[in-house]
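J.: Generate coordinates for the sequence data below:
(4 chains)
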There are 2 protein chains.
Amino acid sequence: MSIDSEAADATARALLDIVPLVMRAIRAEMRSNRKAELSVPQFRVLSYVHRRGSTSLSDIAEHMGLTLPSMSSMVDALVGRRFLDRRPDSLDRRRVAIALTDGGQEAWAAAHNATRDSLIRRLRGLGPEKRAELEAALATLRRLFSEEGDGSSAEGGTHVNP
Amino acid sequence: MSIDSEAADATARALLDIVPLVMRAIRAEMRSNRKAELSVPQFRVLSYVHRRGSTSLSDIAEHMGLTLPSMSSMVDALVGRRFLDRRPDSLDRRRVAIALTDGGQEAWAAAHNATRDSLIRRLRGLGPEKRAELEAALATLRRLFSEEGDGSSAEGGTHVNP
DNA sequence: TATTGTTATACTCTATAACTATA
DNA sequence: TATAGTTATAGAGTATAACAATA
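T.: Next up is the predicted model:
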């Protein structure tokens, strides 16, 4: 164990305090953006489709970690707002092909830019060292939280739950 | 401006990527805890009441940044589950006095411990330097995101909403 | 039979509007 | 009149269960 329990405990508490704080700021910015007005999950869907070009409902659900019905209703709303185009896939007709419309592309870009700008405003006070430290820490978090499960792999696992 | 735009941009993107990722892990842990099974907002309410001992609906709403009706319904649900006790305040009878029940105290502790443990499991692989770096970065984020507004001081501020 | 998706239903989180009770 | 809270209503986000269509 390369990190003693007490220190890990303090860091865990800090995460539990601060991550929701930052999340709230991001959410508030997304929702107050007159141009786009997207929720965070909606923004993530548009980001994913933007990155993939065209994709299926199952792919999006998988990426978001949501059930198919949940995704279906979210996509429904985004299709209703003309941000997404949904049509039967010609190769496998069980599937739907989902893509950004031009309006969806614009909405995504507007939300992305507004949120990024708002974060940049917050970050502006930071010196280069602090900024680098923050970025390194974010990379660490990405590594720790990208892995599936919660460390269920081995040692600690007395209470992972059935 | 002590931080150049491009670097800030990269950091902003990283925040936008990674904070939701960590948030999802926290949320999943809260919701999968058989002992308590709390949403993140519910957990935050219990945490606040735990810290305050006894408080009013307005105080909680203020702390959470929610409207009174929203808080009223959340508290309603937590009273229904016997996690909170709600009674008229004897001094000012417009107010309600809200406190943790014993069950609420247990639920809070169970959720808190389970979530902290799950975070600790993730953090365990970290060396002391990486851990210190992460903790410093979290302190930075706390500072940047505890301040009200989003730097609304200047350019952006046209859209605070009616 | 297995996969992809939708519909029906329900619960939580959040808001606004309209209201009651107390100060 | 102003403050504290509740009720009614609505929409987003999520889930499970039941179903339809295609492979």
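J.: residues of the worst-scoring helix or strand of chain A on mean pLDDT that come out buried?
T.: Among the helices and strands of chain A, helix A:5-31 carries the lowest confidence by mean pLDDT, DSSP states H and E, at a mean of 86. Judged by neighbour count using 16 or more other C-beta atoms under 10 Å in any protein chain shown, the buried positions of helix A:5-31 are A:7-8, A:11-16, A:18-20, A:22-23, A:25-27, A:29-31. All C-beta atoms are positioned from the backbone trio N, CA, C, and that covers glycine.
J.: what's the answer for stretch A:74-94, then?
T.: For stretch A:74-94, burial by neighbour count (16+ other C-beta under 10 Å) applies to A:74-75, A:78-79, A:81, A:83-85.
J.: Those in helices, which ones?
T.: The members of those that map onto helices under DSSP state H are A:74-75, A:78-79.
J.: between these, which is closest to residue B:52?
T.: Looking at these and their distance to residue B:52, the nearest is residue A:74, at 36.5 Å (C-beta to C-beta).
J.: if I pick the closest one, what's in contact with it?
T.: For residue A:74, the contact set (C-beta atoms under 8 Å, 6 or more residues apart in numbering or on different chains) comprises A:41-42, A:45, A:66.
J.: Tell me which helix or strand comes right after the helix or strand containing residue A:99.
T.: Here residue A:99, judged by DSSP states H and E, is contained in strand A:96-100. Moving toward the C-terminus from strand A:96-100, the next helix or strand (DSSP H and E) is helix A:102-123.
J.: confidence score at the spatially most central residue of chain A?
T.: If you average the C-alpha coordinates of chain A and look for the closest C-alpha using C-alpha atoms, centre = their mean, you land on residue A:44, 5.0 Å from that point. Reported pLDDT at residue A:44 in the predicted model: 93.
J.: quick one on the thing from earlier: point out the other helices and strands that the strand holding residue A:99 packs with.
T.: The criterion is 3 or more C-beta pairs under 8 Å, 6 or more residues apart in numbering or on different chains; DSSP states H and E, and the helices and strands that strand A:96-100 contacts are helix A:40-52, strand A:54-55, helix A:57-64, strand A:84-88.
J.: can you pull the contacts of whichever residue of chain A sits closest to DNA strand D?
T.: Using C-beta to the nearest atom of the strand, the single residue of chain A nearest to DNA strand D is residue A:39, 2.6 Å away. With contacts defined as C-beta under 8 Å, 6+ apart, the neighbours of residue A:39 are A:27, A:30-31.
J.: Also residue A:82?
T.: A:101, A:103-104.
J.: One more: residue A:41?
T.: Counting by C-beta under 8 Å, 6+ apart, residue A:41 touches A:64, A:74.
J.: That one and residue B:10, how far apart?
T.: Shown here: residue A:41 relative to residue B:10, a distance of 24 Å by C-beta to C-beta, to the nearest Å.
J.: pLDDT weak spots in chain A?
T.: For chain A, the stretches flagged by pLDDT under 70 are A:1-4, A:147-162.
J.: Show me what from it comes close to DNA strand D.
T.: With C-beta under 7 Å from any atom of the strand as the criterion, chain A comes near DNA strand D at residues A:39-42, A:64-67, A:69-70, A:73-74, A:77, A:92-94.
J.: of those, closest to residue B:131?
T.: Residue B:131 has its nearest neighbour among the residues of chain A next to DNA strand D in residue A:65, at 26.9 Å by C-beta to C-beta.
J.: these two touch, right, the closest one and residue B:25?
T.: No - with contact defined as C-beta atoms under 8 Å, residue A:65 does not reach residue B:25; the gap is 10.3 Å.
J.: thinking again about what came up before, give me the phi and psi for the residue of chain A closest to DNA strand D.
T.: Taking degrees, to the nearest 10, you get phi -80, psi 170 for the backbone angles of residue A:39.
J.: any idea how far it lies from residue A:114?
T.: From residue A:39 across to residue A:114, the span is 14 Å (C-beta to C-beta).
J.: tell me, what's touching those two both at once?
T.: Between them, residue A:39 and residue A:114 share the contacting residues residue A:30, judged by C-beta under 8 Å, 6+ apart.
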